[in-house]
Structures are given as C-alpha cells and as structure tokens.
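Novice: what would the 3D arrangement of this be:
(one chain, ligands or ions: 2)
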Amino acid sequence: MSVFHCGICQQPLTGEVAPGQPLRGPEPPVGHEVVSPRMAQGTFKVNFNASLLIFHPDDVPGTALHPDSRRLSGCCGLAGQDGPNLVCSGCGVEVATKESDCWTGNLVALIASAVAEGVAPRPGLQ
Ligand SMILES: [Zn+2]
Ligand SMILES: [Zn+2]
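Specialist: Ligands and ions are numbered 1, 2, ... in the order given. A predicted model of the protein is given here:
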C-alpha cells in the first residue's frame, strides 16, 4: 500500500491506496447525471504518459478546493477544465484536478510532479 504526499510540505494527500484498473471507461453523458467514479476507492492508476495519477474522488482527504473560484467552474459539479482545482490543504500548492461534472469523468487526477509516493506506515508500528 502507498500514500501520496505533497511534494512541498510532505503532508499526506491520499489515504492508503494500491494500483488498480479503472472500473469503466469514459461513457457518453446521459443528461445531467454525474457518472459513477472511474476508480474503485482505495485504488489508483497512472495515466498513459505518467503525468497524472487517477484516484477515486473520496481518496484525497489531504486536499482542499482551490481558492480561485474561476478554477471551480462546472454545471452539476467540478468540470476541471480550467487548470488544477484542488490544492494541498497544508501549504496550498496545486496538486490535483477533480472532475465531477455531468459531462466529465468522476475522478481526481493528482499531478505526478507535485506529489511524492511513500509507503504507508504499518498499523501498530508507528
Ligand atoms: Zn449538468
Ligand atoms: Zn503541501
């Protein structure tokens, strides 16, 4: 299991996660409905050119919404088409883009160059 940390302040950004496969591919939107998450909770997938790490939307408790509201545009959720819209809740650096709109995927994409992967501490050994 791994935990991804902020590359600047080392705060954990994700829960414990393991590599996995997407539950489903992109689907054409059906009305104003947010699709089910791309990844199962607790799993992540590296994208095709290793620039992004795709997570379940609930697997990034160490992030906060971007302070610039122009990054938070969307119809039913966050479109994520205007640049990163999640920041590290510890130091405020941009670390991820969340897509949760009716015409996008439902996922969080961590920016690989902004985060560091660490091994999750084993329970009871802290
Ligand atoms: Zn909508
Ligand atoms: Zn940070």
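Novice: alpha carbons only for contacts and neighbour counts from here, please
Specialist: Fine.
Novice: hang on, isn't Arg71 packed against Gly83?
Specialist: Yes: Arg71 lies in contact with Gly83 (CA atoms under 8 Å); the separation is 6.4 Å.
Novice: in terms of neighbours, single out the busier of those two.
Specialist: Set Arg71 next to Gly83 and count neighbours by other CA atoms under 10 Å: Arg71 wins out with 19 against 14.
Novice: which of the three states applies to the more buried one?
Specialist: helix (DSSP: H, G, I helix; E, B strand; the rest coil).
Novice: Pro84 versus that one, what's the distance?
Specialist: Separation of Arg71 from Pro84 (CA to CA, to the nearest Å): 7 Å.
Novice: check Gln21 too.
Specialist: Separation of Gln21 from Pro84 (CA to CA): 23 Å.
Novice: spell out which residues of the chain are next to ligand 2.
Specialist: Contact residues, the chain versus ligand 2 (CA under 5 Å from the ion): Cys6, Cys9, Cys88, Gly90, Cys91.
Novice: and of those residues, the nearest to Leu53?
Specialist: Distance to Leu53 across those (CA to CA) is lowest for Cys6, with 13.3 Å.
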